[in-house]
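**Q** take this sequence and fold it.
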Amino acid sequence: MLTVDYAALGLRPGERLLDVGCGGGRHALEGVHHGAAVVALDQSAGDLRVARGAVEQYGAVDVQAAGGRFSAVRGDARALPFADGSFDRVIAAEVLEHIPDDEAAVRELVRVLRPGGVLVVTVPRWWPERVCWALSDEYHQQSGGHVRIYRGDALQRLLRGAGMVPRRRHHAHALHSPYWWLRCALGPGRDRAVPVRLYHRFLVWDLMRRPALVRWLERALNPLLGKSLVIYAFRPVSATVAAARTDRAAA
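**A** Numbering: from 1, shown residues only. Down below sits the predicted model:
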C-alpha cells in the first residue's frame, strides 16, 4: 500500500533513495523495484528487520535485474547519519506528525537531499485526523502517537522555510479514514471488535486483490476523504552550483 506516487517522485534506476521512518519497508521495496540504491532508516530495530525481510522476499529479483541495492540503517530523523547531498530522492511518509521538533527533522531531510532532488512528505490530512482526535484522546496521547495535526498550507510553509519549493500535492487512502474513525469511536485498543475486524478484512482484501471498482472508488473519494496528505517538493539548484555546472559543460 503505497502513499507516494512514484511517477510523481520521478525515481530512476541507479538513483539514491532515502526512506526515512521506513516502517515495514513498503516505499523502500518499491524503490528497489525501480532499480534504485535504497537506504531505509528507522528508529525501530524491529521495523528494520521487517523491511529487510520484505526486500529479501519480494525484491531480490528486481535487485539483480535492475541493479538496485538495499541497506537498512537505524537512526533518528532529527540527526541523519549521512553527508550533505547524499540522496537524489527522500521520502518521509507518516513521520513528521510523531516528531515534536518537526523543523529540525525537515532541515535534516533537506540537508541530505542533493540540489535538484525531490523530497516527498506525507502526513495525516487535517480534517480526518481531527475527527480521530475528537473521538479518542488515547489515539494521539499514547507513546509514539501523533503530536500535531497539519494543515496543508502550514506544511508547505514549513518546507519553504527549509528552502524547498512545493510542486504538487494530493490525498491518498480515502477508504482508510472510516476505518480509523471506527477504531477511535470503539477505542484504539479494541482491534478485535467485530466492526473493526470486518473493515480490516475488507482493507486486506482490497490490498491483495486490487479490484478495479474499489480502486476507482478510492481514487474518486481521495479528494474528499483521503486520510493522507502528500506533498512533493523540489530543492532548487543554487546559483553557485548552477554556474559551476555551466563552467564544466563549457570546458
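**Q** tell me the centre residue of the protein?
**A** If you average the C-alpha coordinates of the chain and look for the closest C-alpha using C-alpha atoms, centre = their mean, you land on Ala93, 1.8 Å from that point.
**Q** beta-bridge partners for it, please?
**A** For Ala93, the residues forming beta bridges with it (DSSP bridges) are Thr122.
**Q** I'd say it and Gly21 touch.
**A** Yes: counting by C-beta atoms under 8 Å, Ala93 does reach Gly21; the two are 6.8 Å apart. Bear in mind the C-beta positions are built from the backbone N, C-alpha and C, glycine included.
**Q** list the buried residues of the helix or strand where Arg183 lies.
**A** Per DSSP states H and E, Arg183 falls inside helix 176-186. Burial within helix 176-186, assessed by neighbour count using 16 or more other C-beta atoms under 10 Å, is assigned to His176, Ser177, Tyr179, Trp180, Trp181, Leu182, Arg183, Cys184, Ala185, Leu186.
**Q** next one: stretch 221-236
**A** With the criterion 16+ other C-beta under 10 Å, stretch 221-236 contains buried residues Asn222, Leu225, Gly226, Lys227, Ser228, Leu229, Val230, Ile231, Tyr232, Ala233, Phe234, Arg235.
**Q** go through these and name the one nearest Val38.
**A** Each of the buried residues of stretch 221-236 was checked against Val38 using C-beta to C-beta; the closest is Tyr232, at 18.2 Å.
**Q** gap between that closest one and Pro100?
**A** As for Tyr232, its distance to Pro100 is 25 Å (criterion: C-beta to C-beta, to the nearest Å).
**Q** stretch 207-216 - what's its average pLDDT?
**A** Taken as a whole, stretch 207-216 has an average pLDDT of 96.
**Q** may I have that stretch as CSV, with CA atoms only?
**A** The C-alpha atoms that make up stretch 207-216 are tabulated as CSV, following Å, rounded to 0.1, in the frame of the first residue of the first chain:
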residue,chain,number,x,y,z
LEU,A,207,-4.8,-4.7,-0.8
MET,A,208,-4.3,-8.2,-2.0
ARG,A,209,-6.9,-8.3,-4.9
ARG,A,210,-6.9,-4.7,-6.1
PRO,A,211,-10.4,-4.9,-7.6
ALA,A,212,-10.9,-2.3,-10.3
LEU,A,213,-14.2,-1.0,-8.9
VAL,A,214,-12.8,-0.4,-5.4
ARG,A,215,-9.6,1.2,-6.8
TRP,A,216,-11.8,3.6,-8.9
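**Q** so how far is that stretch off the chain centroid?
**A** Stretch 207-216 sits 21 Å away from the centroid of its parent chain (C-alpha atoms, centre = their mean, to the nearest Å).
**Q** what are the buried residues along it?
**A** Residues of stretch 207-216 classed as buried under the neighbour-count rule (16+ other C-beta under 10 Å) do not occur.
**Q** what's in contact with that stretch?
**A** Outside of stretch 207-216, the residues within contact range by C-beta atoms under 8 Å, 6 or more residues apart in numbering are Met1, Leu175, Asp206.
**Q** next, the contact list for the first one, please.
**A** This means Met1. Under the criterion of C-beta under 8 Å, 6+ apart, the contact list for Met1 reads Arg26, His173, Leu207.
**Q** for the stretch 51-200 of the chain, what spans make up the strands?
**A** 69-74, 87-93, 113-124, 165-172 (DSSP state E, counting those that start in this stretch).
**Q** which pLDDT value belongs to the closest residue to Leu158 other than its chain neighbours?
**A** With C-beta to C-beta, 6 or more residues apart in numbering as the measure, Val106 is the residue that lies nearest to Leu158, at 5.8 Å, once sequence neighbours are left out. Among the per-residue scores, Val106 holds a pLDDT of 98.
**Q** wouldn't Val106 be in contact with Leu96 here?
**A** Yes: the criterion here is C-beta under 8 Å, and Val106 meets it with Leu96 at 7.2 Å.
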